[in-house]
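> Test case, fold it:
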Amino acid sequence: MQPRDDNMALNYISFEDIQKVLNFKNLIPCMESALAKFSNKTAVQPVRAVARIKDKNGFLAAMPAVSPEDGAIATKVLTFFPENKNCPTHHAIIIVFNPETGIPEVLMDGDVITTMRTAAVSAVATKYLCTPHPRILAILGAGVQGESHYHALTSTFEFTQVRIWSRTTENSRKLAEKVGAITCQTAEEAVCDADVIVTATSAQTPILKSNWVKPGVHINAVGACCPDWQEIEPELMRSSVVYTDSREAALRESGDVVISQAAIFAELGEVVIGQKEAQRTKTTIFKSLGMAIEDVLSARLVCDLLAKADDQVKVPVQDRTQS
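Numbering: from 1, shown residues only. As a prediction, the model looks like this:
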């Protein structure tokens, strides 16, 4: 085997590099586009390959996708160890390939993208599915996704009140103090009269019940990513209009869908492209599993933003003022 040419060396994009350029203002429309491309079949994406790690109650997954019209080919490799105590539960890397040759060109940290694109997709779902002018946001779960959803949703909507609940009261208190929200002692207290609810927990049995929520609420269900895990009571699933990112993935991976046998009304991308109705006046649930095309287009966005920033640095200040 010939040695690798120096011109083929992988560029590495760090956690800090991504944080400098990626924000919800540029990411949310990117995710809306990703959902549309998935549902109109212009993106190529298989259901993720998952290897369960039973003794750790976790998994290893590979998520490849291709968007030909964007010249984007990449795959994310991630682990999920929900019982981690002194380190994050999710870890990921993304590999970006040259669309002409297939040569791997970029290796980037996947944690920032995973955290932010998940919340950005929920913001898209909320944009299409919630009632106009939502006022109360309830977040169940005070981890990384709870905080990310706070920032994504409050960057899009003007809530008058945000409530946070966690099974670990100290965690909900810390996050509430950090972002200026209200700490709730129970999940029922948090969701009472809420217009938008986020469930972003590591729960394996339901933590949200149907008699707690008001009719017409919109729910972003982010946790319970295994077929035998649940966050939402089956009765609530069956009585709501259920949307998902990928119908195929939800029927295979989502315990909330599989166990309740709730009907999936539409993929969110089908709503974005106008194929299916957004039933705003009814109780709606967006069951989020996360899709490879979201990671691939997020990675492409990061590469483009960094290239643009690099070009701006190279242009002398006097030249820029003359243009």
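> make it CA atoms for all contacts and neighbour counts henceforth
Noted.
> quick check: domain ranges of this protein?
6-113+293-307, 131-291 (automatic domain parsing).
> Does the spatially most central residue of the chain belong to a helix, a strand or coil?
Centroid check for the chain by C-alpha atoms, centre = their mean gives Thr118 as the closest residue, at 0.9 Å. Classification of Thr118 by DSSP: H, G, I helix; E, B strand; the rest coil places it in helix.
> any idea which helix or strand carries the spatially closest residue to Ile94 that is not a sequence neighbour?
Nearest non-adjacent residue to Ile94, counting by C-alpha to C-alpha, 6 or more residues apart in numbering: Lys76, 4.3 Å away. Taking DSSP states H and E as the definition, one finds Lys76 inside strand 72-80.
> Run through the neighbouring helices and strands of that strand.
Here strand 72-80 touches strand 58-67, strand 90-97, helix 292-314, going by 3 or more C-alpha pairs under 8 Å, 6 or more residues apart in numbering; DSSP states H and E.
> Can you tell me which of those is nearest to Tyr12?
strand 90-97 (9.5 Å; C-alpha to C-alpha).
> ok, the helix or strand following that closest one: who's next to it in the sheet?
Counting by DSSP H and E, the next helix or strand C-terminal to strand 90-97 is strand 104-109. Using DSSP bridges, strand 104-109 pairs in its sheet with strand 11-13 (parallel), strand 90-97 (antiparallel).
> Please identify the deepest-packed of those strands.
Among these, ranked by average contacts under mean count of other C-alpha atoms under 10 Å, first place goes to strand 90-97 (a mean of 20).
> Pick out the shakiest of the helices and strands packed on strand 72-80, pLDDT-wise.
Among these, helix 292-314 carries the lowest mean pLDDT, at a mean of 88.
> Take the strands paired with strand 104-109 and write them to a markdown table, including distance to Gly143.
Shown next, in a markdown table, are the strands paired with strand 104-109 (distance: least, C-alpha to C-alpha, whole Å):
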| stretch | distance to Gly143 |
| --- | --- |
| strand 11-13 | 24 |
| strand 90-97 | 11 |
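> quick one: low-confidence parts of this protein?
Within the chain, the stretches with pLDDT under 70 are 1-8, 312-323.
> okay if I get the helices and strands packed on strand 72-80 as JSON lines plus distance to Ile28?
As requested, the helices and strands packed on strand 72-80 are exported to JSON lines (distance: least, C-alpha to C-alpha, whole Å):
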{"stretch": "strand 58-67", "distance to Ile28": "18"}
{"stretch": "strand 90-97", "distance to Ile28": "19"}
{"stretch": "helix 292-314", "distance to Ile28": "10"}
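> Quick one: closest of the ones you listed to Glu158.
Going by C-alpha to C-alpha, the one of those nearest Glu158 is helix 292-314, 25.3 Å.
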